[in-house]
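Asks: next come a sequence and a model predicted from it.
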Amino acid sequence: MAGRRRLSPLPRRVAAALVAAVLLVHGAVLLWVQRLQVQATLLQPLAEPMVTRVLQPTEPAAPAPPAVAAPPPTRPTARLARAATPRPAEPAPAPTQAPAPAEAPQQAASAPVAPPAPEPPVAQAPTPEPAASAPSAPAAPASAPAAVADGWPTDTRLRYRLEGRFRGEVTGSARVLWQREGGNYQVRVEIHLPLLALVSMTSQGEVGAVLQPRVYEEVTDAVRTRRRGLRLGERALVFEGGGTAPRPDGVQDTASQFVELAHRFATGREALAVGRPVQLWMARPNQLALWTYDVVGRGPLATGLGTVEAFHLVPRPIANPRGTITAQMWFAPSLQYLPVRIKVTMGEDAELDLVVESIEQK
């Protein structure tokens, strides 16, 4: 007993203080690392807009150009009227020369008088030409690019019901948020699953005749946050690992493609018809590829907004894929050609089916 030394309460308190200090330092380091991760992102998140109205299905206005077809029929009728007016003048001289039988040779001589009669129509022919306003026709196409550039939708939020399989049967929710501030835009796709807190894909860039993505980022929040990004410069793409590739015209990313395609269909720049392929370059954090979607059908689709007609687009397999994520899409003309259904397939392990429940706009 004499050889043993009992620990005084002071060292125990010191040990507890040391443990608390280590935990505090460890927590501070984790917060510091997390802040570095946040600072590493190139995104500039926008404040979520206030949406004020719920979008309802409406039949899209069918373009009808009868006014252009009306002028052509009026021109030939005017010419016929002018050509008919000189003809009744020809029989008028005939009765004046008929009572003289001996003047038959003079009638033959009067035959050449008939040719000058059609000359007045020839003189009148140039008059309809200035009436046709040729310079006014190109004025309509000249305003078309401005209409396309300003034809983007207002701030829009689409909410989806999610069902499918991911390590078993799952249900959840998803949403697509489109925002525009002046000449800049943001598209954010969020998928909420029970096993994964959040999967988000965000695209930011500039608005013009087409979307011009500048930054794209994917974030997976589970046990550990994983972030992957992509820069889209004026002439080159910079991938996650530092590799580069020339930037193709009209290139999109995984998030911006939904809004870009909807805008193409709504403005008529891309014909949406069964049997027609739709192509676009799409960049991801580790790959650039030319995607082709086949419009395989059109039919009724049950949604949270009722049954709507929608076009079904299916992607073709791409060469040398880096990853096995593909998305089928359904676009509804009665809902501003927005994607009302998205079916995401991730190899053989997961398949998520998103069907729209509501669409809200600013």
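Replies: Cool, got the structure.
Asks: is Val278 bridged to anything, and to what?
Replies: Counting by DSSP bridges, Val278 is bridged to Tyr293.
Asks: that one: neighbour count?
Replies: When neighbours are counted by other CB atoms under 10 Å, Val278 registers 20. (C-beta placed from N, C-alpha, C; glycine too.)
Asks: quick one, what contacts it?
Replies: Val278 is in contact with 261, 264, 270, 272, 292-295, 313, counting by CB atoms under 8 Å, 6 or more residues apart in numbering.
Asks: what's the end-to-end length of stretch 309-326?
Replies: Taking CA to CA, to the nearest Å, stretch 309-326 runs 23 Å from one end to the other.
Asks: list the buried residues in that stretch.
Replies: 309-313, 315, 326 (16 or more other CB atoms under 10 Å).
Asks: helix or strand: which one has the nearest residue to Val199 once chain neighbours are set aside?
Replies: Excluding its sequence neighbours, the residue lying closest to Val199 (CB to CB, 6 or more residues apart in numbering) is Ile191, at 4.3 Å. In the assignment (DSSP states H and E), Ile191 maps to strand 184-192.
Asks: show me where the stretch 251-362 of the chain has its helices.
Replies: With helices called from DSSP state H, counting those that start in this stretch, the stretch 251-362 of the chain shows them at 256-267.
Asks: would you map the strands across it?
Replies: Taking DSSP state E, counting those that start in this stretch, the strands of the stretch 251-362 of the chain run over residues 252-253, 277-284, 287-303, 306-315, 325-332, 338-346, 350-361.
Asks: so which of the ones you listed gets nearest Tyr160?
Replies: Judged by CB to CB, the one of these that comes nearest to Tyr160 is strand 350-361, at 3.9 Å.
Asks: mean confidence for that closest one?
Replies: Strand 350-361 comes out with an average pLDDT of 95.
Asks: that strand packs against which elements?
Replies: Packing partners of strand 350-361 (3 or more CB pairs under 8 Å, 6 or more residues apart in numbering; DSSP states H and E): strand 53-54, strand 156-166, strand 169-181, strand 287-303, strand 338-346.
Asks: now mean pLDDT, distance to Gly242 and mean neighbour count too, for these, in a markdown table please.
Replies: Shown next, in a markdown table, are those (pLDDT from 0 to 100; distance: least, CB to CB, whole Å; neighbours: other CB atoms under 10 Å):
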| stretch | mean pLDDT | distance to Gly242 | mean neighbour count |
| --- | --- | --- | --- |
| strand 53-54 | 90 | 45 | 10 |
| strand 156-166 | 94 | 31 | 19 |
| strand 169-181 | 93 | 30 | 18 |
| strand 287-303 | 97 | 14 | 15 |
| strand 338-346 | 93 | 26 | 21 |
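Asks: got JSON lines for those strands, with distance to Thr220 too?
Replies: Shown next, in JSON lines, are the helices and strands packed on strand 350-361 (distance: least, CB to CB, whole Å):
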{"stretch": "strand 53-54", "distance to Thr220": "31"}
{"stretch": "strand 156-166", "distance to Thr220": "12"}
{"stretch": "strand 169-181", "distance to Thr220": "14"}
{"stretch": "strand 287-303", "distance to Thr220": "18"}
{"stretch": "strand 338-346", "distance to Thr220": "12"}
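Asks: for the contacts of Val278, which one is nearest Gly172?
Replies: Ranked by distance to Gly172 (CB to CB), the contacts of Val278 are led by Leu313 at 23.2 Å.
Asks: for the closest residue in space to the closest one that isn't next to it in sequence, give me its contacts.
Replies: Closest residue to Leu313 apart from its sequence neighbours, by CB to CB, 6+ apart: Tyr293 at 4.1 Å. Contacts for Tyr293 (CB under 8 Å, 6+ apart) come out as 261, 277-279, 313-316, 329.
Asks: quick one: which two of those are the most distant?
Replies: Among these, Leu261 and Arg316 lie farthest apart (CB to CB), at 15.1 Å.
Asks: export the strands of the stretch 251-362 of the chain to CSV and tack on distance to Leu211?
Replies: Listed next are these as CSV, based on distance: least, CB to CB, whole Å:
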stretch, distance to Leu211
strand 252-253, 6
strand 277-284, 10
strand 287-303, 15
strand 306-315, 18
strand 325-332, 16
strand 338-346, 15
strand 350-361, 18
